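K.L.:
Quick one: sequence plus predicted model below, questions after.
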Amino acid sequence: MPARRSRALRRAPLPTLALAACAACAGPRSPDDVPRNPAPPPPVSAGAGEEPAWDEALAAAGEPTEAADTAGTPPPPVDERWRVAPAESGNLAVRWRPVGDGAVPRNEPFALDVQLFREGQPLSGAVLRVRGWMPDHGHGLVRQPTVTELGDGNYRVDNLLLHMRGLWQLVFDVGEGAERQNVVFELEL
Amino acid sequence: MTRRRRLRAGRCLGLAAALGVAAMLGAPGRGQEPDASGPAQTLWTPAEVELALELSPLPEPPPDPTNAWYEDPAAAALGQALFYDRRFSADGRTACATCHDPSQGWTDGRRLAKALAFNPRNTMSLWNVAYNRWFYWDGRKDTLWSQALAPFEDPREHGFDRVALLRAIAADEDLAARYAAVFGPLPDLSDGERFPDHARPVPGEETHAHARAWAAMAPADREEVDRHFARVGKAIAAFERQIVSRDAPFDRFVAALRGGDPAGFDALPESAQRGFALFVGEARCLVCHDGPNFTDGEFHSNLFPAGEEGGDLGRPRGVRRLLADPFNASSRHADDDGATGRVKLAFPPRRQAHPPGEFKTPGLRNVARTAPYMHEGQVATLADVVRFYSTLEGAAQPGPEGERILRPLHLSEEQQADLVAFLEALTDESLPPELLGPPAD
């Protein structure tokens, strides 16, 4: 087992640790031995009333939201396709949605808007890598996604291709210095 | 009807209604009596109907931005003439159509391809070839035009070379005129000092006479020859793009479900309808044979034991060859300045490859006419193919890092026959007869 995984588990709050450990045991195979996350929260709802999606996303990530309130910038438009989940350590969150108006397509190239947060603040300068994995098939992506940092915690992932129907895990591998953390989303195509 | 099936069916009823497919609303589940008063003409559940609507019709072939002439009728006519011409070969008897014979499903009916010599793999059919993302069983080509170039210089196929090919086209008044009308005039190859009789790169055999002659040519002359050689491929690709099959009984049946000609309801016998339900359900064929051309266009291990070419890993070597190919989609011969190649040729690092190898998922339209099957033609009939996937008898063990998709299906004899009936209902060999030989004018 890779050392970085152990570190991540040690840092994780207890309930998360239990969930993560169980999920990792139950998973048939996982991408590059990446631990599976607890089930991600449901997509951010568009029906949040006065609550901007920005706050709701961070709330779902289990993080304080004051940063977004005081940022002085208007929240981005509500888009219920945003999905958000925290890393196991709890202080990192990943939010993503497909670029454009559509859903994630099957066997067609697509791109993602990604936002990274550390302690509720946009996380710039991270080394983001994205992998895909089909746990029921035992294979990953057939193309190499490319990542471009756009600033203010925004990143764009191009050249994604999920070539088959079924359950995919999208793994966001976030590196800061020597530290790496994975956030895994499950996606049924 | 299982609980799972009911759930899925229920989920898609909204879509069914939204599509206004009248037949779907009355579609009985298996084991239910059809509603004689409704328009129900199918055994399929709403979920199966929804999948059928995804799989038909097959749209037009996708554009090929790497080939500026892919839709040019004059280029296609030139390509057709080249495709059927036997002169561009070492024996003067081998054409593209030798192995891709329109009367044999655009393949050759052989286990292993044979032109001047045997090839280690089964000839792939050209039906719907323009829909491919990759070419060859191992995907070592990424465009149709680039694929069309390789057989001319393969010593087992045409055994020819690019300089001789261009010279032969120039020597034929009709071909030269067709070429000039599409691409502009061919270069003047009459100077034997600059352009030897035979010259081509021969990777791995630098002492080959053709390779030495090629190396002795001026770089600008080599470049000129390559530019026109690529155009020969682009003309052939424009012709091959017309080899499209998309009016099979399955398509006519689905068109009827959409409210089209109700005669289509008679196109798909009940056995084939049951076979479709198996195809998208219990038999799990759809996992790889997905989309309206019935392929995901990518590569998988079907665990078929290696035949005479034991140890053929397929895709990993195909990737290496493709990346080294001077005519790939990121090359200067691609008419989109490599934009397609920059996207397509971004491969993730590969894990270590182990046998059994990975090979391209073939599309299944007209599959009943392209026997034998598998990358080495190891299986004679569709019934044998279905039996193999049903039992996995004799299957190889997956490599330690290989995908785990296949599992024995344990299909009954009747289910296997139903699957074959469905595959046979993907047959549409109708093409304009003028495509089945050299152009008339």
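P.N.:
Perfect, I can see it now.
K.L.:
Return the residues in contact with the nearest residue to residue B:334 once chain neighbours are set aside.
P.N.:
In space, and not counting its chain neighbours, residue B:334 is closest to residue B:66: 4.0 Å by CB to CB, 6 or more residues apart in numbering or on different chains. Quick note: C-beta positions are derived from backbone N, CA and C, even for glycine. Counting by CB atoms under 8 Å, 6 or more residues apart in numbering or on different chains, residue B:66 makes contact with B:143, B:145, B:329, B:334-336, B:340-341.
K.L.:
Check residue A:147 too.
P.N.:
Applying CB under 8 Å, 6+ apart, the residues contacting residue A:147 are A:114, A:128-130, A:155-158.
K.L.:
Mind giving me the PyMOL select for the residues you listed, buried ones only?
P.N.:
The PyMOL selection below is limited to those of the contacts of residue A:147 classed as buried (16 or more other CB atoms under 10 Å in any protein chain shown):
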select buried, chain A and resi 114+128+129+130+155+157+158
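K.L.:
list the contacts for the one residue in the stretch 101-250 of chain B that gets nearest to chain A?
P.N.:
Closest to chain A within the stretch 101-250 of chain B is residue B:133: 9.0 Å, counting by CB to the nearest CB. By CB under 8 Å, 6+ apart, the contact set of residue B:133 is B:142, B:297-298, B:344.
K.L.:
As JSON lines, these with secondary structure, distance to chain A and pLDDT would be great.
P.N.:
What follows is those, written out as JSON lines (DSSP: H, G, I helix; E, B strand; the rest coil; distance: CB to the nearest CB, whole Å; pLDDT from 0 to 100):
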{"residue": "B:142", "secondary structure": "coil", "distance to chain A": "12", "pLDDT": "98"}
{"residue": "B:297", "secondary structure": "coil", "distance to chain A": "7", "pLDDT": "97"}
{"residue": "B:298", "secondary structure": "coil", "distance to chain A": "5", "pLDDT": "97"}
{"residue": "B:344", "secondary structure": "helix", "distance to chain A": "8", "pLDDT": "94"}
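K.L.:
Which two of those residues have the greatest separation?
P.N.:
For the contacts of residue B:133, the maximum inter-member distance is 12.7 Å, found between B:142 and B:298 (CB to CB).
K.L.:
Among these two, which residue is more densely surrounded?
P.N.:
residue B:142 (26 against 21; other CB atoms under 10 Å in any protein chain shown).
K.L.:
For residue B:327, see how far away that one is.
P.N.:
9 Å (CB to CB, to the nearest Å).
K.L.:
give me the element the closest residue in space to residue B:291 that isn't next to it in sequence is part of.
P.N.:
Distance criterion CB to CB, 6+ apart; nearest residue to residue B:291, sequence neighbours excluded, is residue A:107 at 6.5 Å. Using DSSP states H and E, residue A:107 is not contained in any helix or strand.
K.L.:
these two touch, right, residue A:107 and residue B:292?
P.N.:
No: taking contacts as CB atoms under 8 Å, residue A:107 lies outside contact range of residue B:292: 11.2 Å.
K.L.:
Show me where the chain has its strands.
P.N.:
I went with chain A, as the question did not name one. Using DSSP state E, the strands of chain A run over A:83-86, A:92-98, A:110-118, A:121-122, A:127-134, A:139-140, A:146-151, A:154-160, A:167-176, A:179-188.
K.L.:
think we crossed wires, I meant chain B
P.N.:
Under DSSP E, chain B gives strands at B:299-300, B:359-360.
K.L.:
Spell out which parts of chain B neighbour chain A.
P.N.:
For chain B, the residues in contact with chain A (CB under 8 Å from any CB of the partner chain) are B:286-288, B:290-291, B:296-299, B:343-344, B:346-349, B:402-405.
K.L.:
If you go by neighbour count, which of these are buried?
P.N.:
Buried members of those, counted by 16+ other CB under 10 Å: B:286-288, B:290-291, B:296-299, B:343-344, B:346, B:402-405.
K.L.:
returning to what we had before: contacting residues around the residue nearest to residue B:291?
P.N.:
The neighbours of residue A:107, taking CB under 8 Å, 6+ apart as the test, are A:161-164, B:290-291, B:296-297.
K.L.:
need the strands of chain A in CSV with mean pLDDT, can you?
P.N.:
Formatted as CSV, the strands of chain A follow (pLDDT from 0 to 100):
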stretch, mean pLDDT
strand A:83-86, 92
strand A:92-98, 95
strand A:110-118, 96
strand A:121-122, 95
strand A:127-134, 97
strand A:139-140, 94
strand A:146-151, 97
strand A:154-160, 97
strand A:167-176, 96
strand A:179-188, 94
